[in-house]
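Novice: Kindly return the folded structure for what I paste below:
(chains A and B)
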Amino acid sequence: MRRYIVGRLLLMIPTLIGVAILTFVIMRAVPGDIVALRYAGSNVPQEIIDQERHILGLDKPMWAQFADWMSSISRFDLGQSLWTGHSVVDEVQVRMPLSIELAVLATLFAVALAIPLGVMAAVKQDTWLDYAIRIFSIGGLAMPSFWIGIMMVLVTLTLWGWAPPLVFTSFFEDPVANLAQLVLPAIAVGYRYSAVSMRMTRSTVLEVLREDYVRTARAKGLRETLVVVRHALRNALLPVVTVVSLEFAFLIGGLVVTEQVFNLNGIGKLLVDAVAHRDYPLIQALVLLLATVFVLVNFVVDMVYVVLDPRIRYS
Amino acid sequence: MVAVLRSRIAPVLVLALVLAACAQQTAKPATTVTPSVAGGEKPISGGTLTFIVNAEPPSYDGHRETTFALLHPIAPHYSLLYKFDPSDLTKVIPDVAAEQPTVSADKTTVTVKLRQDVKFHDGTGMTSEDIKATYDKIIFPPTGVLSPRAGAYAVVSAVNATDKYTVEFKLKYPSASFLTNLASPWNFIYSAAKLKTDIHFYEKNIMGTGPFLYDGNTKGQDWKGKKNPDYFGKDKDGTKLPYLDAYKALIITDANAGVTAIRSKQAMIEFRGFTPSQRDDLSRSLPNDLAIQEAPWICVNYIVPNTTKKPFDDPRVRRALSLAVDRWGGGEALSKTTIVKDVGGLMRPKGPFAMSDADLAKISGFGKDAAANKTAAKALLAAAGVPNLSFKFLNRNITTPYEPVAVYLINEWKSVGITATHDVKETSAYQADLRAGTFEVALDFNCDFLDEPDLQLAKFWSASKAGKGLNFAYYDDTKLDGLIDAQSRETDPAKRLALVGDIQRYAMDEMAYQYPVLWWYRIIPYLSVVRGWKIGSNHYTNQDLTTVWLAKK
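Specialist: The predicted structure follows:
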């Protein structure tokens, strides 16, 4: 097991290097740079543009820029944002708590909704309850999160003249203000997220309920609740855990539009702004960060498998 | 459980949507225009102004940057030598200067006396050395320091601190625009001592002499300032300025989120502008709490044919492109949905250098008989041998106002047989194409802080000379260069106006190098508690917030 874990951790290194190279090359292949953008529409002479490119090192050959970046990375220095001149770590650090908290809240909401409803739908298959839950989940898949967000804001604005606060306050500083800002986006995002997980839970539980060992458990005279929770659900959870965890990883940087709707100062918005500004060090750092999150989450999922299913052993 | 949820939530949602729809239909738009600086009310001190900035400032150095996103949150920390009068934005008044400048008989020496009561936020007094260091950085930047507006002061040969509170600008030749350029909103007064220690100090730090002290910022979220108790400014009654205790700029990049912020009263104002539909939305939602100010804007979109590409090297083709566009009809139609409105030449319509409508109508494409113009356009295209001209029309992917303007143009061109394909690119890629000249026809734009030919004609210099990096029509024309230079040196206003008229006729009609589509129109809906702020013809000046105050509600 230890060997497996070490192997998996070592495998992350080439994966992340591959991501770094791809990001670097793709961004340089896209036309335009931060300097053109910075002075867009202003009467700035070409000499200034050229000077700025020189100062930022954008006039160096691509291989030299890549070597500079790799050398910085090896010293754990992610560089400075070309747009603000501030450290990339500072830029990310400000946004990270919000993104993580939103991802956690949305996940809690989604799981709290998805697993009970998914199990209920499976247990009561083809009854009115099953149909109602399926319609509810299809609604979540059909309606984009940002649209749900817009509707929520419209409703609260129209009814009460209220919209979620625009400024992030840490939960530890003011829990009410914190939740007032994040609950609506968490619901908007969590609903779609729960729909995916709900359907997955329903189908896997249905499959497991037809297994011999479930029939055996029932034949032994176990209560139905115990049969479902202890025997069926635990075995049905493996694919659900995969879906939930990958969605969680996605939420860290993938909520661009929802962040725009609620004006959330998160990682997704930062990444989009960085791409629009052609802020290479920031883009590279963020993509690397998000890739690391995905890789780590995958790793954690593999470990959770062991806990959920004792038959699984990595050796 | 589902049934219970449905029975409780569904009616609330339905009710909310019905109410929203009813509110949209029944509320009447508020059309109050609050008198701002004037108006007879006695300003009240106190309160925090919350406003929206729809982009994040890059660095904090006003001398280095060109975006309003820096000015709106950061200008209140700084003073200028001169500034535009908040109560009459066409007038320049002293800021840290003690009085209006004096000009020598030969018009090549400008002397400025300074106030003696101005202090930096660290408590040090401001002297002429600070002004010299500031303007030296702007006009003669040392290696490694960027000053995009240095060219606007090319006329200056030296800045001298002649005594502790007197500064002298030596000019190479008399300049028509130099004095108003001293009120440039970008020319924050910096501390000579700080610049001496680190010439890049102001890129990451704030330390000015302005009405507000820096009170922190969260990247991507907000910027805060608090009242400077040592600020030198007073109003006409002798009350110390600023009136506000503090301000908070919220960074909200999405326009709809900006509307929500004002609608929910989390923000009071956004100083750049909203679209007509956003204004109407706010009017309906806040019928009793909203004020609106509107004004023509020194921003314009240009149609720019690349004169190095065939057939756009032919003036007849370029003139046909202009003739095909019904600007008057377009202004009326587009002003209902986006932020363009007025028809004008190279200088802002109704501004001090604007052409009269009668003179403007004589220029190809600016006459009011759209049918006759289109017939003339077809004839020119036929004569040039391109009756079925087709090209790619480069544009940036920004909705307001670029996309509707481009769609309108493409439709107008279609009516004379021209097929233009809308080539929409992200701003950075769009700029790369403009600067590389890899386009056929583009929609360019320009915004300035002042009605000033030296600024608005900067794009019209020859592309290989002073217009390098600015003139995307890529022509060289010594005659036009001569005219632009002559107006810049002409200090007689009437003669200068005549020269500017000649330039417009030559550049827009005779050579038809590049020409405006429609001038922008600025719309500011805001909470009516905000007083003491007056809209101007640009979104750069009048942002130090000294005279802004909040009414009690």
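Novice: Now do stretch B:214-226: everything it contacts.
Specialist: Residues outside stretch B:214-226 that contact it (CB atoms under 8 Å, 6 or more residues apart in numbering or on different chains): A:84, A:86, A:90-91, A:94-95, A:167-168, A:265, A:269-270, A:273, B:53, B:56-57, B:73-74, B:76-77, B:121, B:206-207, B:212-213, B:245-251. Glycine gets a C-beta too; all of them are placed from N, C-alpha and C.
Novice: Which of these fall in strands?
Specialist: Of the positions in the contacts of stretch B:214-226, B:53, B:212-213, B:246-251 sit in strands, assigned by DSSP state E.
Novice: from the residues you listed, which is closest to chain A?
Specialist: The closest of these to chain A turns out to be B:L250 (CB to the nearest CB; 5.5 Å).
Novice: circling back to that earlier point, out of the ones in strands among the contacts of stretch B:214-226, which are buried?
Specialist: Buried members of the ones in strands among the contacts of stretch B:214-226, counted by 16 or more other CB atoms under 10 Å in any protein chain shown: B:53, B:212-213, B:246-251.
Novice: Within reach of chain A, which of the residues you listed are there?
Specialist: Residues shared between those and the neighbourhood of chain A are B:250-251 [CB under 8 Å from any CB of the partner chain].
Novice: With pLDDT added, can I get the buried ones among the ones in strands among the contacts of stretch B:214-226 in a markdown table?
Specialist: Listed next are those as a markdown table, based on pLDDT from 0 to 100:
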| residue | pLDDT |
| --- | --- |
| B:V53 | 95 |
| B:F212 | 98 |
| B:L213 | 98 |
| B:A246 | 98 |
| B:Y247 | 98 |
| B:K248 | 97 |
| B:A249 | 97 |
| B:L250 | 96 |
| B:I251 | 94 |
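Novice: okay, the buried ones among the ones in strands among the contacts of stretch B:214-226 in a markdown table with distance to B:T66 next?
Specialist: Shown next, in a markdown table, are these (distance: CB to CB, whole Å):
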| residue | distance to B:T66 |
| --- | --- |
| B:V53 | 15 |
| B:F212 | 22 |
| B:L213 | 25 |
| B:A246 | 27 |
| B:Y247 | 23 |
| B:K248 | 24 |
| B:A249 | 18 |
| B:L250 | 22 |
| B:I251 | 18 |
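Novice: Tell me the one among the buried ones among the ones in strands among the contacts of stretch B:214-226 nearest to A:F250.
Specialist: Lowest distance from A:F250 to these (CB to CB) belongs to B:I251, with 25.1 Å.
Novice: pretty sure the closest one is in contact with B:A55, am I right?
Specialist: Yes. Using CB atoms under 8 Å, B:I251 makes contact with B:A55 at a distance of 7.3 Å.
Novice: quick one: low-confidence parts of the stretch 451-553 of chain B?
Specialist: Along the stretch 451-553 of chain B, segments meeting pLDDT under 70 span B:553.
Novice: Point me to the residue of it nearest chain A.
Specialist: Across the stretch 451-553 of chain B, the shortest distance to chain A (CB to the nearest CB) belongs to B:G469, at 3.1 Å.
Novice: burial count for the closest residue to that residue other than its chain neighbours?
Specialist: Excluding the flanking residues, the one nearest B:G469 by CB to CB, 6 or more residues apart in numbering or on different chains is A:Q46, at 3.1 Å. Look at A:Q46: counted by other CB atoms under 10 Å in any protein chain shown, it has 13 neighbours.
Novice: I'd say A:Q46 and B:K468 touch.
Specialist: Yes. Using CB under 8 Å, A:Q46 is in contact with B:K468, at 4.5 Å.
Novice: tell me which residues in stretch A:180-191 are buried?
Specialist: So for stretch A:180-191, counting by 16+ other CB under 10 Å, buried means A:181-182, A:184-191.
Novice: got those residues as CSV, with pLDDT, distance to chain B and secondary structure columns?
Specialist: Output for the buried residues of stretch A:180-191, formatted as CSV (pLDDT from 0 to 100; distance: CB to the nearest CB, whole Å; DSSP: H, G, I helix; E, B strand; the rest coil):
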residue, pLDDT, distance to chain B, secondary structure
A:Q181, 95, 11, helix
A:L182, 95, 14, helix
A:L184, 95, 12, helix
A:P185, 95, 12, helix
A:A186, 95, 17, helix
A:I187, 95, 12, helix
A:A188, 94, 14, helix
A:V189, 93, 16, helix
A:G190, 94, 15, helix
A:Y191, 94, 12, helix
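Novice: Now flag whichever of those residues is closest to B:K378.
Specialist: When those are compared for distance to B:K378 (CB to CB), A:A188 wins out at 53.1 Å.
Novice: ok, that closest one touching A:M143?
Specialist: No. Applying CB under 8 Å as the test, A:A188 and A:M143 come out as separate, 9.3 Å apart.
Novice: about what we covered before: which one of the buried residues of stretch A:180-191 is nearest to B:D136?
Specialist: Proximity of the buried residues of stretch A:180-191 to B:D136 (CB to CB) peaks at A:Q181, which lies at 46.2 Å.
Novice: mind listing what that closest one touches?
Specialist: Neighbouring residues of A:Q181 by CB under 8 Å, 6+ apart: A:164-169, A:262, A:264.
Novice: Tell me which two in those are the farthest apart.
Specialist: The most widely separated members of the contacts of A:Q181, counting by CB to CB, are A:T169 and A:F262 (14.1 Å).
Novice: quick one, which of these two is more surrounded?
Specialist: Higher neighbour count among A:T169 and A:F262: A:F262, with 28 against 17, using other CB under 10 Å.
Novice: okay, now whichever residue of the stretch 151-300 of chain B sits closest to chain A: neighbour count?
Specialist: For the stretch 151-300 of chain B and chain A, the shortest gap (CB to the nearest CB) falls at B:S264, measuring 3.7 Å. When neighbours are defined as other CB under 10 Å, B:S264 has 20 of them.
Novice: B:S283 and B:A291 touch, don't they?
Specialist: No. Look at B:S283 against B:A291 with CB under 8 Å: they stay out of range, at 10.1 Å.
Novice: neighbour count winner among the two?
Specialist: B:A291 (21 against 18).
Novice: Let's test this: mean pLDDT of the helix or strand hosting that one, rounded?
Specialist: Element membership for B:A291, per DSSP states H and E: strand B:290-305. Averaging pLDDT along strand B:290-305 gives 96.
Novice: try stretch A:227-241
Specialist: For stretch A:227-241, mean pLDDT rounds to 88.
Novice: Can you give me the end-to-end span of that stretch?
Specialist: One end of stretch A:227-241 sits 20 Å from the other (CA to CA, to the nearest Å).
Novice: Next, the buried residues of that stretch.
Specialist: For stretch A:227-241, burial by neighbour count (16+ other CB under 10 Å) applies to A:227-228, A:231-233, A:235-237, A:240-241.
Novice: Kindly report the same for stretch B:95-107.
Specialist: Those would be B:95-97, B:101, B:103, for stretch B:95-107 by 16+ other CB under 10 Å.
Novice: Residues contacting that stretch, please?
Specialist: Outside stretch B:95-107, the residues that touch it by CB under 8 Å, 6+ apart are B:79-83, B:94, B:109-116, B:118, B:126, B:131, B:165, B:171, B:174, B:179, B:182-183, B:189, B:209, B:232, B:491.
Novice: Same question for stretch A:251-262.
Specialist: A:99-100, A:102-103, A:106-107, A:144-146, A:149-150, A:153, A:164, A:181, A:184-185, A:188-189, A:193, A:264-269, A:271-272, A:286, A:289-290, A:293, B:253-254, B:256-257.
Novice: Show me how to select, in ChimeraX, the buried members of those.
Specialist: A single ChimeraX command selects the buried members of those (16+ other CB under 10 Å):
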select /A:99,100,102,103,106,107,145,146,149,150,153,164,181,184,185,188,189,193,264,265,266,267,268,269,271,272,286,289,290,293 /B:253,254,257
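Novice: residue ranges for the strands of chain A, please.
Specialist: Counting by DSSP E, one finds no strands in chain A.
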